[in-house]
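S.K.: 3D model of this:
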Amino acid sequence: MRSLIAVSLFAFAFGCGNAEVPAQELAQTEASIRAAEEVGAAGHPEAALHVKMARDQLKSAEKYIDDDETELAKEALYRASLDAELAVALSRENQTRVEALNMQQKAASLRTGAP
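M.R.: This next block holds a predicted model:
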């Protein structure tokens, strides 16, 4: 009898623990989107698209949370985080590319003696 109660309590606790979307996941996703915006994703078309996709997925996750669709909410948050992280990477790549081109131009001007 005790083992039946213990198993029931474990199942209840495990089920309830999985049923909720952790606030941390939601906060991390929102932070990832903010990070993408802060590194200048709006200035790069492909990165801006991924920020928009991340925001759309975040809205979907919030709707799923309201509808008690926990698994769908977690999946949407995961996709939103990936899109936001990709936007950050694309923005940084673009910034690095611009910096490299500037350095090449400076190097070329030094070789030719032009200021």
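S.K.: Please compute how far the longest helix along the chain lies from its chain's middle.
M.R.: Taking DSSP state H as the criterion, the chain has its longest helix at helix 70-112. In terms of Cα atoms, centre = their mean, to the nearest Å, the centre of helix 70-112 is set 13 Å apart from its chain centre.
S.K.: and that helix, what does it pack onto?
M.R.: helix 23-38, helix 45-66 (3 or more Cβ pairs under 8 Å, 6 or more residues apart in numbering; DSSP states H and E). Any C-beta I mention is one placed from the backbone N, CA and C, and that applies to glycine too.
S.K.: Show me what the first one is packed up against.
M.R.: Yep, that's helix 23-38 we're talking about. helix 45-66, helix 70-112.
S.K.: average pLDDT for it?
M.R.: Mean pLDDT, helix 23-38: 94.
S.K.: Need the phi and psi values for residue 21.
M.R.: Backbone torsions for residue 21, taken as degrees, to the nearest 10, come to phi -80, psi 120.
S.K.: so how far is residue 78 from residue 70?
M.R.: Residue 70 is 13 Å from residue 78, where distance means Cβ to Cβ, to the nearest Å.
S.K.: Residue 26 too?
M.R.: Residue 26 is 12 Å from residue 78, by Cβ to Cβ.
S.K.: More neighbours: which of the two?
M.R.: residue 26 (18 against 14; other Cβ atoms under 10 Å).
S.K.: ok, the spatially closest residue to that one that is not a sequence neighbour - how many residues close by?
M.R.: Counting by Cβ to Cβ, 6 or more residues apart in numbering, residue 26 lies nearest to residue 77, which is 6.5 Å off, once chain neighbours are set aside. A count of nearby residues for residue 77, using other Cβ under 10 Å, gives 26.
S.K.: Alright, calling it a day.
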